[in-house]
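S.K.: dropping a prediction and its sequence here:
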Amino acid sequence: MKFEEIGKKVIYFGIGLAALTKEKVEEITNELIKTGELKHKEAGDFKEKLMSKAEEEKKEITNFIRTQVKAIAEELGFVTRDEIEKLKNKLEELEKELKSEESQY
């Protein structure tokens with residue numbers, strides 16, 4: 001059975017690849033072995049590929065969410081931590097300059 005076909009089976013189980021856990025992969029593997037769609041000797045490789053694909057999906061989803069959140073934050077005019085830190089540093093510099101000038105008088 002091709003990995004793509006098995007991936008479709010996973011979706012039919014109602015599970016997104018990104019949400020797979022080791023326990024669920026084990027359950028799916030056992031079910032496919034029982035139905036004869038997967039040979040027992042192929043199970044280890046199948047589990048490894050499925051978990052790898054799930055990790056890839058999680059990373060893609062995480063990156064997509066980060067990109068979308070960042071775009072929305074920028075659109076709404078939110079200030080980033082980096083921008084706040086730069087402002088703090090600039091304020092500290094200005095305070096030092098002001099104190100220095102005051103001490104000269």
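M.R.: That came in fine, so what should we check first?
S.K.: for the lengthiest helix in the chain, what is the distance to the chain centroid?
M.R.: Longest helix of the chain, by residue count under DSSP state H: helix 43-76. Remark: helix 43-76 is offset 4 Å from the chain centroid, using Cα atoms, centre = their mean, to the nearest Å.
S.K.: now do that helix: which elements does it pack against?
M.R.: Identification of packing neighbours for helix 43-76 by 3 or more Cβ pairs under 8 Å, 6 or more residues apart in numbering; DSSP states H and E yields helix 3-12, helix 22-34. Glycine gets a C-beta too; all of them are placed from N, C-alpha and C.
S.K.: rank the ones you listed by mean pLDDT and give me the bottom one.
M.R.: Ranked by mean pLDDT, these bottom out at helix 3-12, with a mean of 58.
S.K.: just the CA coordinates of stretch 76-91, formatted as PDB?
M.R.: What follows is stretch 76-91 as a C-alpha-only set of coordinates in PDB (Å, rounded to 0.1, in the frame of the first residue of the first chain):
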ATOM      1  CA  LEU A  76      -3.700  46.600  13.600                       C
ATOM      2  CA  GLY A  77      -0.700  48.600  14.500                       C
ATOM      3  CA  PHE A  78       0.600  46.500  17.400                       C
ATOM      4  CA  VAL A  79       4.100  47.300  18.700                       C
ATOM      5  CA  THR A  80       6.600  44.400  18.700                       C
ATOM      6  CA  ARG A  81       8.800  43.600  21.700                       C
ATOM      7  CA  ASP A  82      11.800  44.600  19.700                       C
ATOM      8  CA  GLU A  83      10.300  48.000  19.000                       C
ATOM      9  CA  ILE A  84       9.500  48.500  22.700                       C
ATOM     10  CA  GLU A  85      13.000  47.500  23.700                       C
ATOM     11  CA  LYS A  86      14.400  50.000  21.200                       C
ATOM     12  CA  LEU A  87      12.200  52.700  22.700                       C
ATOM     13  CA  LYS A  88      13.300  51.800  26.200                       C
ATOM     14  CA  ASN A  89      16.900  52.000  25.200                       C
ATOM     15  CA  LYS A  90      16.400  55.400  23.500                       C
ATOM     16  CA  LEU A  91      14.600  56.700  26.600                       C
END
